[in-house]
Every structure is written in C-alpha cells, then in structure tokens.
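Undergrad: Take this sequence and fold it.
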Amino acid sequence: MRHGKNYQEAVKKYDPSKVYTIEEAAEMVKKISYAKFDETVELHINLGLKKSQSVRDTVVLPHQFSAEKKILVFAKGEKVQEAKDAGATYVGDTDLVQKIKDGWLDFDIAVATPDMMKDVGRLGPILGRRGLMPNPKTRTVTFDLKGALEELKQGRVEFRSDKTGVVHISVGKVSMEASAVVENVIAIFKEVLRKRPVDAKGDFVLSVSLASTMGPGVVVDQKTLEA
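TA: Coordinates of the predicted model:
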C-alpha cells in the first residue's frame, strides 16, 4: 500500500522497529498525528487464536471520548417506562422491529429484554452485519435496562476479534491527555486477557500496536500493559 507525503513524514519522526512502553506509545501517536481533524486513537491486539476461537465482550472505559450515542431499546410492558427513565433514545417492541425492516437505522446501540428476542431475532440479517444485534455476551440482552443503559452512557464499549484474530478498537482521541488513553488501553487489555479461550494454546497475545486514524502504527511492549 502506498502512503502519502504526510504519512511518510510522520514515519520519520519515530523508529517503526522499536517497541515502546504504553506511555511512550500514547505520546508518540499524538506527536506523529498529522490530520487536520481530531483523529481517533485505535488499539490493535493480534491474538493467537484458532479459526474456531473468538474473543468478545464489553468493557466500561475509564475515560469517555465519543459523542453520546443513540440507544434503542426493544421492550414491552413495564420495561418500556424503565427504559425511558434510564435515558433510552427510542423504545418500542414490534413497531420498532417493523420500522427497522422498512430501512430505518438511526441509532448506534440496540438493547433488548429477553422476552423480545423472538421478534428481534428476525432482524438478524439487518442488525448482525452492522454489529447492532443485541447479545447476552455483551450484556445488551437483559431485563436490567437501568443498569445496562447506565453502563452504556458511561462509556461501555464492545470489543471482538475479527476473522484474523485481531481486536481493533477505538481508545480515545489525539486531543486527549496521553495518560487517559493509556488507562483506556489498559482497561481493554485486561478484559481481553480475561476472555482467553480455555483451549487456547501457546502465546495468546502476539502483538499490540497503537495508531491514530491516519497515522502509522506504534508497537507497544505488552509487558508494560501487564505490569
């Protein structure tokens, strides 16, 4: 892949072959950022997984950095009011299911009570490929709507390994203090370690890197994340 002049200049500002502490890496990503907008800082964790294995969960980040997300809740009965009181952007049952079938997708996160999943499950082809399908593993299928929405509003994010065994997740903005980015990275890294499959063999974490949206990757010494 050929990179532009700004990218090439950014590469000259650090040693791509060096392994940096997480603190150094967070500072370096800020230093070599060159875009005119506030770039997102992205964490990439390469895991030693078999094709049949995956890692997926959620974590509440210590430092929130994204705009408030639109949360849709599939619920009925008394749970409708609970969702509204907890700050859901949209609440409904089969009416929302039909609205989504008709093409409406103006929300960022979907939560559902277990008794709604029979209807919500029909949206699998639509929500699944967009990463919006409620799932018990990510605590977005629950009767505790108040607790779930509180965590989501506090900055709970989902991480998952892709087909190649790599976890890609946003951990901050270039404009943030490097220390805040570091704390977000460590929170995610600890959760990823906790989700190691019981049948995983050999090294679980193969490599860790940090990069801004447009910038080159900075390799992180994972020992500084485990300390």
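Undergrad: measure residue 221 to residue 227 for me?
TA: Between residue 221 and residue 227 the distance is 10 Å, computed by C-beta to C-beta, to the nearest Å. Quick note: C-beta positions are derived from backbone N, CA and C, even for glycine.
Undergrad: Between these two, which has more neighbouring residues?
TA: Higher neighbour count among residue 221 and residue 227: residue 221, with 16 against 9, using other C-beta atoms under 10 Å.
Undergrad: my guess is the more buried one meets residue 23, correct?
TA: No: taking C-beta atoms under 8 Å as the definition, residue 221 is not a contact partner of residue 23, at 10.2 Å.
Undergrad: residues in contact with the longest helix anywhere in the chain?
TA: For the chain, the longest helix by residue count, based on DSSP state H, is helix 178-194. Among residues not part of helix 178-194, those counted as contacts by C-beta atoms under 8 Å, 6 or more residues apart in numbering are 22-23, 26-27, 29-30, 41, 43, 45, 47, 55, 57, 59-63, 65, 159, 167, 169, 171-172, 204-205, 208, 210, 220, 222, 225-226.
Undergrad: what helix or strand does the residue nearest to residue 45 when sequence neighbours are not counted sit in?
TA: The spatially closest residue to residue 45, leaving aside those adjacent along the chain, is residue 167, at 4.3 Å (C-beta to C-beta, 6 or more residues apart in numbering). Using DSSP states H and E, residue 167 maps to strand 166-173.
Undergrad: roughly how far out does that strand sit from the chain middle?
TA: Centroid separation for strand 166-173 versus its chain: 6 Å, with C-alpha atoms, centre = their mean, to the nearest Å.
Undergrad: For it, which helices and strands make contact with it?
TA: Identification of packing neighbours for strand 166-173 by 3 or more C-beta pairs under 8 Å, 6 or more residues apart in numbering; DSSP states H and E yields strand 40-47, strand 156-160, helix 178-194.
Undergrad: Would you mark the buried spots in the longest one?
TA: For helix 178-194, burial by neighbour count (16 or more other C-beta atoms under 10 Å) applies to 178, 180-189, 191-192.
Undergrad: Just the mean pLDDT for that helix, thanks.
TA: Averaged across helix 178-194, the pLDDT comes to 96.
Undergrad: List the first helix or strand encountered after that helix toward the C-terminus.
TA: Per DSSP H and E, the first helix or strand lying C-terminal to helix 178-194 is strand 205-212.
Undergrad: Outside of that next one itself, list whatever touches it.
TA: So strand 205-212 is contacted by 22, 25-26, 29-30, 32-33, 35, 39-48, 171, 174, 181, 185, 189, 192-193, 217-220, 222, 225 (C-beta under 8 Å, 6+ apart).
Undergrad: what's the burial count for residue 171?
TA: For residue 171, using other C-beta under 10 Å, the count is 26.
Undergrad: which SS class is residue 147?
TA: Residue 147 falls in the helix class when you classify it by DSSP: H, G, I helix; E, B strand; the rest coil.
Undergrad: quick one: low-confidence parts of this structure?
TA: Across the chain, the ranges flagged by pLDDT under 70 are 1-2.
Undergrad: Return the distance of the closest residue in space to residue 32 that isn't next to it in sequence relative to residue 39.
TA: Spatial nearest neighbour of residue 32, excluding adjacent residues (C-beta to C-beta, 6+ apart): residue 10 at 4.2 Å. Relative to residue 39, residue 10 is positioned 11 Å away (C-beta to C-beta).
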